[in-house]
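K.L.:
Pasted the sequence and its predicted model underneath.
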Amino acid sequence: MFDFQRNGDSLRAESVDSPRPDAGSSEKEVATMLDLRSILVFSADPKKLSDFYKKVFQKDPDWVMEGYYGFNAGKTFLTFGPHDKVRGKNPNPDRMMYNFETRDVKGEFERIKGLGAQVVAEPYQMGENADGWIATFADPDGNYFQLMTPWEEEHIEK
């Protein structure tokens, strides 16, 4: 859960129910002092993005305020909001993508494709990992997002 505070033109999200990674965690659990928990995507039409992701996530936004729409997506809070300097579709969608993990990449690919999402890349295997799959879509603003097989501990280099 997040508490949002407005300060002039900026909006700040603060986690209110999950402890900070350095509060009461063992050294093994704390890999870094930084813990990405929120992404804010600006749009000329955040309502359109909210309506799209409502279908992708199969739920209403978890938070709505003053033209901002936020979704809890796993451990991350994804927010769409207005910005007067953002116009049209994303001109550089390859620059940043968000990844949604699912054990059924192919099934979720078909479901989301059926919602009318633009397919960028059909499901394909990640390198030599026969169990790892990725598929890429574009949302209505042209932002890329991917479906990925979850990374298991043995896949992460230490």
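P.N.:
Structure received.
K.L.:
hey, let's count contacts and neighbours off CA atoms from now on
P.N.:
Noted.
K.L.:
ok, residue 70 to residue 147 distance?
P.N.:
To residue 147, residue 70 is 19 Å away according to CA to CA, to the nearest Å.
K.L.:
okay, now residue 139: neighbour count?
P.N.:
20 (other CA atoms under 10 Å).
K.L.:
got it, and the one 5 residues further on?
P.N.:
A total of 22 residues lie near residue 144 under the criterion other CA under 10 Å.
K.L.:
contacting residues around it?
P.N.:
93-94, 96-98, 136-138 (CA atoms under 8 Å, 6 or more residues apart in numbering).
K.L.:
Quick one: those as a markdown table, columns for secondary structure too.
P.N.:
Compiled in a markdown table, the contacts of residue 144 are given as follows (DSSP: H, G, I helix; E, B strand; the rest coil):
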| residue | secondary structure |
| --- | --- |
| 93 | coil |
| 94 | coil |
| 96 | coil |
| 97 | strand |
| 98 | strand |
| 136 | strand |
| 137 | strand |
| 138 | strand |
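K.L.:
Can you flag the buried ones in those?
P.N.:
Using 16 or more other CA atoms under 10 Å as the burial test, those include 136-138 as buried.
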